[in-house]
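Participant: Need a 3D model of the following:
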Amino acid sequence: MHAGGNEDAQNLGNNQDNVRILAHFGCASTHPRAMLHSKPEIGSVDKYLTSMIKGLITDPAMPLDFVHAQTGGPFYSARIIQIKTYPKNVYKNTNLIQKYKNSGLAIDDEQKVKDARNEVGFYRLRGYSFHLYDSNTKKYAPNVTFDAICHIYNFDMELRSLLFGMTCKIEVALRSRFCEALLQKNDALIYLDPPIFKDKKNFWRNTATLSSEIARSTDKFITHNYDNHDGQIPLWAAVEVMSFGTLSKYIKNLSTGKDSLYPGLAQFYKFTSAKGNLAAPSLEMFSSWIHAVVVLRNICAHNSRIYNRSLANKAQAAKLRPAKSRSPPLRSLSFFACHEIFTTF
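Facilitator: Got it, this is the predicted structure:
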């Protein structure tokens with residue numbers, strides 16, 4: 001057997017930058033027990049791959065052959081793929097600063113620009129100037145300064161911190177209320193009961209995800225149940241290791257209707273409708289609220305840009321009672337109204 005060959009290798013030419021090697025090792029036998037007992041010597045693997053790579057660099061026409069594979073023994077394989085050079089140039093500090101000056105960006109302190117590149121990165125900062133840059137003319141709007149872009153970045157950083165704090169408060173309250181709603185059945189393991197969920201396939205998917213989250217946890221309240229309760233994890237412990245995304249999927253999959261547990265959760269989130277009545281959100285509406293908050297929370301947690309960004313996942317509108325002020329009536333559920341509803345006890 002062999003991977004590649006003279007023709008493939010010759011097609012690569014002598015350009016080492018275009019060569020990427022993917023190496024593998026395993027067992028020649030397909031029998032699982034043989035694979036378990038086969039332990040290739042890492043030193044021999046390193047030695048083989050090193051000689052193979054050296055051969056490619058010094059002799060691109062060298063064919064790549066498998067070593068002899070014995071039953072139950074190790075084998076090594078490699079394949080070569082040709083990758084294209086990325087079309088854009090890599091700029092050093094001086095060249096990049098001049099490039100931005102040529103684009104009309106006013107830069108007064110070049111050292112500040114260099115510091116920003118090391119601490120933030122030019123690529124990240126560019127996201128805060130899209131609305132100030134004309135991609136057709138390749139020019140910034142008149143009087144745009146590097147300092148102004150940095151001010152926008154700092155504003156976004158503070159905004160993200162505020163929003164993250166709000167989403168964390170929403171998440172913690174939701175965990176507690178979800179737990180209270182399900183414990184109406186007086187069953188600590190109710191979350192493992194398929195009948196309370198509408199889609200059984202999604203129930204098992206969510207259960208598998210939660211099982212992995214529990215297995216990864218080293219928290220005392222989890223290991224305590226391993227040691228003292230045969231590994232059974234009560235709901236109030238399970239919700240503490242659920243990711244926000246997993247929690248949202250559990251709620252979205254709750255059954256509705258007679259004798260369902262969802263009304264026990266929805267009653268925490270009633271709002272005053274346009275007619276002046278207290279109304280509980282439908283599961284579809286409530287799920288859209290949670291999903292929107294989860295997306296926003298993840299953006300904040302990963303330090304992504306909030307400023308001048310459209311979110312694809314929007315909360316379903318709720319018609320609220322007009323505000324008693326001269327300001328326009330509130331007809332849709334803003335994030336801040338959503339935050340007030342989520343966290344009001």
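Participant: Show me the helices in the protein, by range?
Facilitator: Applying DSSP state H to the chain gives helices spanning 6-12, 32-37, 42-58, 93-102, 110-119, 122-126, 146-182, 200-216, 220-228, 235-241, 244-252, 262-266, 283-301, 335-343.
Participant: Next, the angle helix 244-252 makes with the longest one.
Facilitator: Okay, so that is helix 146-182. 40 degrees (axes from the mean of the first three to the mean of the last three Cα atoms, to 10 degrees).
Participant: Could you list the low-pLDDT ranges of the stretch 201-345 of the chain?
Facilitator: Residues of the stretch 201-345 of the chain that meet the criterion pLDDT under 70 lie in 320-345.
Participant: buried stuff in stretch 116-129?
Facilitator: Using 16 or more other Cβ atoms under 10 Å as the test for burial, stretch 116-129 gives 116-117, 125, 127-129. The C-beta positions use only the backbone N, C-alpha and C, and glycine is treated the same way.
Participant: quick one: which of these is nearest to H151?
Facilitator: Y128 (9.1 Å; Cβ to Cβ).
Participant: which non-adjacent residue is nearest that closest one?
Facilitator: Leaving aside its sequence neighbours, Y128 sits nearest to I152 (Cβ to Cβ, 6 or more residues apart in numbering; 4.5 Å).
Participant: Contacts only, for the one you found.
Facilitator: Residues in contact with I152 (Cβ atoms under 8 Å, 6 or more residues apart in numbering) are 128-129, 307.
Participant: From those residues, pick the one nearest K99.
Facilitator: Closest approach between the contacts of I152 and K99, by Cβ to Cβ: S129, at 13.7 Å.
Participant: any idea what sits nearest that closest one, other than its immediate chain neighbours?
Facilitator: Per Cβ to Cβ, 6+ apart, closest to S129 is I149, 4.9 Å.
Participant: which ones are touching the one you found?
Facilitator: 125, 128-129, 132.
Participant: If we only consider those, which is nearest to E240?
Facilitator: Distances from E240 to those, taken by Cβ to Cβ, are shortest for Y128, at 36.6 Å.
Participant: Tell me the pLDDT of the closest one.
Facilitator: Listed pLDDT for Y128 reads 94.
Participant: Same check on the one 4 residues further on?
Facilitator: The predicted structure scores L132 at 94 on the pLDDT scale.
Participant: got the contact list for it?
Facilitator: So L132 contacts 140-141, 144, 148-149 (Cβ under 8 Å, 6+ apart).
Participant: burial count for the closest residue to F155 other than its chain neighbours?
Facilitator: The shortest distance from F155 to any non-neighbouring residue, by Cβ to Cβ, 6+ apart, is to Y307 (6.8 Å). Look at Y307: counted by other Cβ atoms under 10 Å, it has 15 neighbours.
Participant: that older thread, and the contacts of I152, which is closest to S212?
Facilitator: Ranked by distance to S212 (Cβ to Cβ), those are led by Y307 at 34.6 Å.
Participant: rewinding a little: quick check: the residue nearest to S129 vs K88, distance?
Facilitator: Here the criterion is Cβ to Cβ, to the nearest Å. By it, I149 lies 20 Å from K88.
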